[in-house]
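Novice: Predicted structure and sequence below. I'll ask about it afterward.
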Amino acid sequence: GGGRGIGKALALLCAEEGAHVAVLARSRDELESVLSEAVAHGVPTPLRMRTADVTDEASVEAAVASLVDEMGGIDVLLNNAGGGCAKGPLHEQSAADFRALLDLNVVSVLVVSSAVMRLAMMPQRRGVIINISSRAGKVYAPPVAAACAACMLCACSAYAVRVRCVCGACAVRMQCVCSA
């Protein structure tokens with residue numbers, strides 16, 4: 001989710017500080033926006049851009065493999081893709097919409113983290129994964145929004161604990177950060 005919002009801001013900030021940054025976004029238009037803003041700010045390092053749908057394993061796998069080939073590895077992953085729930089009470093939500101939301105906010109963390117770990121971090125025996133979640137899961141919000149955010153927060157936190165248990169010998173670390 002580096003094409004807009006927090007993901008775009010983080011990508012630009014890291015690039016401005018000299019990091020070699022790769023940005024994944026669903027659309028070419030979002031990537032072009034990030035690139036033009038980077039040029040306008042005089043970002044010193046080139047950004048690598050790939051389109052990928054984080055809910056599609058093949059799309060993510062291809063993008064990550066291409067970036068690893070081009071960059072020689074990936075040291076830090078910022079998982080930031082996500083979206084909100086439809087407004088309204090829980091009993092008016094469709095299961096299909098909720099499944100799509102879980103795919104975007106929860107399953108995508110596994111999809112992207114798994115690809116980056118397998119193709120880059122495990123072979124190089126190091127890496128940091130930062131999952132950007134929502135503070136909304138910890139505070140009162142309308143019932144559906146709270147349920148959605150809480151699911152994302154719990155899943156991202158659980159992934160972080162699991163990675164620490166499995167990858168301790170490889171020095172791959174995962175954290176969950178809740179945005180306000």
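Specialist: Sure thing, it's come through. Numbers count the residues shown, from 1 in each chain.

Novice: any idea whether residue 128 is helix, strand or coil?
Specialist: strand (DSSP: H, G, I helix; E, B strand; the rest coil).

Novice: right, I mislabeled it, should have said residue 173
Specialist: Following three-state DSSP, residue 173 is assigned to strand.

Novice: Okay, strands next: where are they in this structure?
Specialist: Assigned strands in the chain, in chain order: 22-25, 48-51, 76-79, 127-134, 172-179 (criterion: DSSP state E).

Novice: Need the pLDDT of residue 30.
Specialist: Residue-level confidence at residue 30 comes out at 93, pLDDT.

Novice: Residue 8 versus that one, what's the distance?
Specialist: Applying C-beta to C-beta, to the nearest Å, the value for residue 30 to residue 8 is 8 Å. (Each C-beta comes from the backbone N, C-alpha and C, glycine too.)

Novice: Any chance of a markdown table for the strands of the chain, columns mean pLDDT?
Specialist: Below are those laid out as a markdown table (pLDDT from 0 to 100):
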| stretch | mean pLDDT |
| --- | --- |
| strand 22-25 | 94 |
| strand 48-51 | 94 |
| strand 76-79 | 93 |
| strand 127-134 | 85 |
| strand 172-179 | 76 |
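
Novice: burial measure for the closest residue to residue 43 other than its chain neighbours, as a count.
Specialist: Once flanking residues are discounted, residue 43 sits nearest to residue 15: 4.5 Å by C-beta to C-beta, 6 or more residues apart in numbering. Using other C-beta atoms under 10 Å, residue 15 has 21 other residues around it.
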